[in-house]
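would you be able to build a 3D model of this:
(2 chains)
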Amino acid sequence: MKLRLPSPATLGPLLALLLACAFFAIRSDRFLTGDNLSLVLQQVMVVGVIAIGQTLVILTAGVDLSCGMVMALGGMVMTKLAVEHQVPVPLAIACGLAVTTLFGLLNGFLVTRVKLPPFIVTLGTLNIAFAITQLYSGAQTVTELPESMTALGGTFQVGSTAVVFGAVLMLVLYGVATFALSQTAPGRHVYAVGNNPEAARLAGIATQRVLLGVYVLAGACYGIAALLSVARTGVGDPNAGQTENLDTITAVVLGGTSLFGGRGTVLGSLLGALIVGVFRNGLTLIGVSSVYQVLVTGILVILAVATDQFSRRGGRVA
Amino acid sequence: MSGAIVMQAIGLVKRYGHVTALDGTDFELRAGEILAVIGDNGAGKSSLIKALSGALVPDEGEIFLDGNVVRFRSPIDARRAGIETVYQDLAVAPAMTIAENLFLGRELRKPGIPGRLFRMLDKRRMLAESMAHMQDLQIGIRSMKQAVETLSGGQRQGVAVARSAAFARHVVIMDEPTAALGVKEGNMVLELIRRVRERGLPVVLISHNMPHVFEVADRIHVARLGRRAAVLNPKRVSMSDTVAVMTGAMRPDELPADALA
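The predicted model follows:
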């Protein structure tokens, strides 16, 4: 494969990210250090992995509001099984992954078979997953996890910088998702289904199967994110995933993926997640209160969607 | 025109509750012809086309393709049998490229391990073949990597026609292909329809546009009240008589014998 310049669609987010980095590098000499950038990656990895699933769903013109809560449930299942029921760690992790994937399947089933709008379906499963998490955990945090369960939170040295394994896993997953979406037929079908479902159906694409697959894969992503979240925090937290829920949608939208489906890239979502991460990290470094970080995130999202709207209106030939 | 019969339907019936959309209609498409299908609203024209393209399953009657009975349960069945349909509402994915649209649902994979194991698409071959198909129909578009939404309506319809011509083995059905287009673009699409016929594919053209029908059709199938009222020869019948037959103002047997095809 030839190395190409980033496409115009990912150029915007890339520029925004570089500008943000430049701004914070000027304002704080601690920003552009290896350790700090590694910290940004570590802070971004959970949102980043959820955002892969979220991108898939949004590419089909859907949205998944349940992602963070499903992740929290997955994390709870993994940690509780391992700590309280002495289930071997790999099996406990597999069970957590299975639960999040099943939630994806449930979302997909309700969207494709019962034909409910994704917004409503996932609003429902958001609450269901949240309630189950609270009931199952008794609202108690699970601590004293076996070491192997948090292995992905461990680090390795690159020069003098400690890089966390989980961040590498995230980057690998982005690589796989980018390849699948751009180089394989099922990946292109995800775009076609989001772009014009009727045309996709008439072209012989099993559109319902594509949709179902997307929700199931998204559920699997949330399971992996659960493992990363557990590894990062070192506990099973029943209140995990609450900020991640909307952060992922923010990341996807900032990354240039259209909420109307059919346009966007997962790489853009990674950039989007990094933009949010860099803003949070940078604003903290220069001592701005966290309320302003939320404010900035909100403004960024609206700007990103407005750009999407304008570019689409401008680019369309009637 | 007396080519062999490529596609035939006998006694098709379709009822929706009390409404009879098809009341035992017949249909006949010959090799190498452009057959126009016309009819008033509710004449059973679109139900007939839907039955032929697999979008509707008739209650009674038989459809034959090259003399063999076929029963389509979906448009995909019809496509597998070599019948391609071009839809009125430009069934393309606008954000995707021309090449991707041409091969949508029929993507080519790379040979060897990249294709088999990693399911990699052969983008280069799809680009090259798209170019060949478009040039075949003399559609002048430079890059197959252009997104379809950057094209004009006529060019988009060109993409849809090229797709069906590239993959149809027996029949191309075109449902109001010029309806959404201006005069110039409409004429361009008519020219495309002729080129498809020149490539040896018979075309079923559904149209409301009488001048278009008379310009390209070899025969005209007139649908009326869920049946086939007549098949007319556009070289021997006037447009006004055709409309009269279509609306029931004139009986087909009032026409001179050589007007019937």
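
got phi/psi on residue B:109?
Dihedral pair for residue B:109: phi -100, psi 150, per degrees, to the nearest 10.

was I right to think it contacts residue B:120?
Yes: distance between residue B:109 and residue B:120: 6.5 Å, which falls inside the contact criterion (CB atoms under 8 Å). The C-beta positions use only the backbone N, C-alpha and C, and glycine is treated the same way.

got the contact list for the most centrally placed residue in chain B?
The residue lying closest to the centre of chain B (CA atoms, centre = their mean) is residue B:173, at 1.4 Å. When contacts are counted by CB atoms under 8 Å, 6 or more residues apart in numbering or on different chains, residue B:173 touches B:49, B:52-53, B:83-86, B:203-204, B:206.

which of the residues you listed are buried? Put it as a PyMOL command.
Only the buried entries of these go into this PyMOL selection, using 16 or more other CB atoms under 10 Å in any protein chain shown:
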select buried, chain B and resi 49+52+53+83+84+85+86+203+204+206
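
out of the contacts of residue B:173, which comes closest to residue A:32?
Lowest distance from residue A:32 to the contacts of residue B:173 (CB to CB) belongs to residue B:86, with 56.6 Å.

show me what that closest one bridges to in the sheet.
Residue B:86 has these beta-bridge partners by DSSP bridges: residue B:174.

ok, of the contacts of residue B:173, which one's closest to chain A?
Nearest to chain A among those is residue B:85, at 7.6 Å by CB to the nearest CB.

show me what stretch A:217-227 is in contact with.
Counting by CB under 8 Å, 6+ apart, A:46-47, A:49-50, A:52-54, A:56-57, A:64, A:67, A:70-75, A:78, A:93, A:96-105, A:107, A:152, A:169, A:173, A:240, A:244 sit against stretch A:217-227.

is the closest residue in space to residue B:114 that isn't next to it in sequence bridged to anything, and to what?
Nearest residue to residue B:114, sequence neighbours excluded (CB to CB, 6 or more residues apart in numbering or on different chains): residue B:120, at 4.3 Å. Assessed by DSSP bridges, residue B:120 has beta-bridge partners residue A:184.

wait, what's in contact with residue 255?
Chain wasn't specified; assuming chain A. Residue A:255 is in contact with A:10, A:13, A:51, A:55, A:264-265, A:267-273, counting by CB under 8 Å, 6+ apart.

could you do chain B instead?
Residue B:255 makes contact with B:230, B:232, B:237, B:241, B:245 under the criterion CB under 8 Å, 6+ apart.

and what of residue B:233?
B:219-220, B:258-261.

next, count neighbours for residue B:110.
By other CB atoms under 10 Å in any protein chain shown, 17 other residues sit near residue B:110.

I figured it hits residue A:185, correct?
No: here residue B:110 lies out of contact with residue A:185, judged by CB under 8 Å, at a distance of 11.3 Å.

what residues do those two have in common as contacts?
residue B:121.

got the domain boundaries for chain B?
For chain B, the structural domains run B:5-93+B:152-259, B:96-146, going by automatic domain parsing.

got CSV for those, with distance to residue A:138 and mean pLDDT too?
Output for the domains of chain B, formatted as CSV (distance: least, CB to CB, whole Å; pLDDT from 0 to 100):
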stretch, distance to residue A:138, mean pLDDT
domain B:5-93+B:152-259, 49, 91
domain B:96-146, 45, 90
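
which of those is buried the deepest?
domain B:5-93+B:152-259 (a mean of 19; mean count of other CB atoms under 10 Å in any protein chain shown).

and that domain, end to end?
20 Å (CA to CA, to the nearest Å).

got the residues of chain A near chain B?
Residues of chain A lying near chain B by CB under 8 Å from any CB of the partner chain: A:179, A:183-186, A:188-189, A:191-192, A:195-196, A:198-200, A:202-205, A:262-263, A:315-317.

emit the PyMOL select command for whichever of the residues you listed are buried.
Only the buried entries of the residues of chain A next to chain B go into this PyMOL selection, using 16+ other CB under 10 Å:
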select buried, chain A and resi 179+183+184+185+188+189+191+192+195+196+199+200+202+203+204+205+262+263
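
from the residues of chain A next to chain B, which ones fall inside helices?
Those of the residues of chain A next to chain B mapping onto helices are A:179, A:183, A:185-186, A:188-189, A:191-192, A:195, A:198-200, A:202, A:315, per DSSP state H.

pLDDT weak spots in the stretch 1-150 of chain A?
Counting by pLDDT under 70, the stretch 1-150 of chain A contains low-confidence ranges at A:1-9.

now the helices: where do they sit in it?
Here the stretch 1-150 of chain A has its helices, by DSSP state H, counting those that start in this stretch, at A:8-27, A:34-59, A:67-84, A:89-112, A:118-137.

can I get those helices in TSV including distance to residue A:232?
Formatted as TSV, the helices of the stretch 1-150 of chain A follow (distance: least, CB to CB, whole Å):
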stretch	distance to residue A:232
helix A:8-27	22
helix A:34-59	7
helix A:67-84	10
helix A:89-112	15
helix A:118-137	18
